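Engineer: based on what follows, work out the 3D shape:
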Amino acid sequence: MTEQTKNRRHRRGQGGFTLVELMVVIAIIAILATIVGVNVFGQIDTAGVGAAQAQIKNFESAVVAYRLKNRKMPTTLNDLLPFMNSTEVPKDPWNNDYVYKAQGSEYEIICYGADGAPGGTEMNADISSKNLQANNN
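Structural biologist: Okay, the predicted model is just below:
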């Protein structure tokens, strides 16, 4: 028997993965990808809530700076742009406008959550400057 014939026989015995083994590996990878995907997308919404809260706090700081300089309340969020070093009012994490309400010396800045509509629960819940202030006290 030649050396070449021995090598051919040896290679046949080592064969690759079977179709069943490959299918099991693909199924495991698909399950893991699904688990990771669900967890990542859940964290994206949670991060959106945190980002909206942080932006509302930035607006509140700009309101204070505006009041100190102008001795009156801003009438719109656009009035705050010079105090935010920005050229336009940022959108919320879900690409909706923030809502600004002012009456006398009271004001409220609202993000309507992921659905962009008043009310809601969980990721669709409103995020308000009044709620943030109440939680800080």
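
Engineer: count of neighbours near the closest residue to V99 other than its chain neighbours?
Structural biologist: Distances taken as Cβ to Cβ, 6 or more residues apart in numbering put I110 closest to V99, at 4.3 Å, once the chain neighbours are dropped. C-beta: built from backbone N, CA, C; applies to glycine. Neighbours of I110 under the rule other Cβ atoms under 10 Å: 20.

Engineer: can you show me the helices along this protein?
Structural biologist: 3-14, 19-70, 81-84, 129-136 (DSSP state H).

Engineer: helices and strands around the shortest one, which ones?
Structural biologist: Pointing back at helix 81-84 there. helix 19-70 (3 or more Cβ pairs under 8 Å, 6 or more residues apart in numbering; DSSP states H and E).

Engineer: now do the same contact list for the residue nearest the centre of the chain.
Structural biologist: Among the residues of the chain, the one closest to the centroid is G48, at 3.3 Å (Cα atoms, centre = their mean). Listed by Cβ atoms under 8 Å, 6 or more residues apart in numbering, the contact set of G48 reads 92-94, 114, 123.
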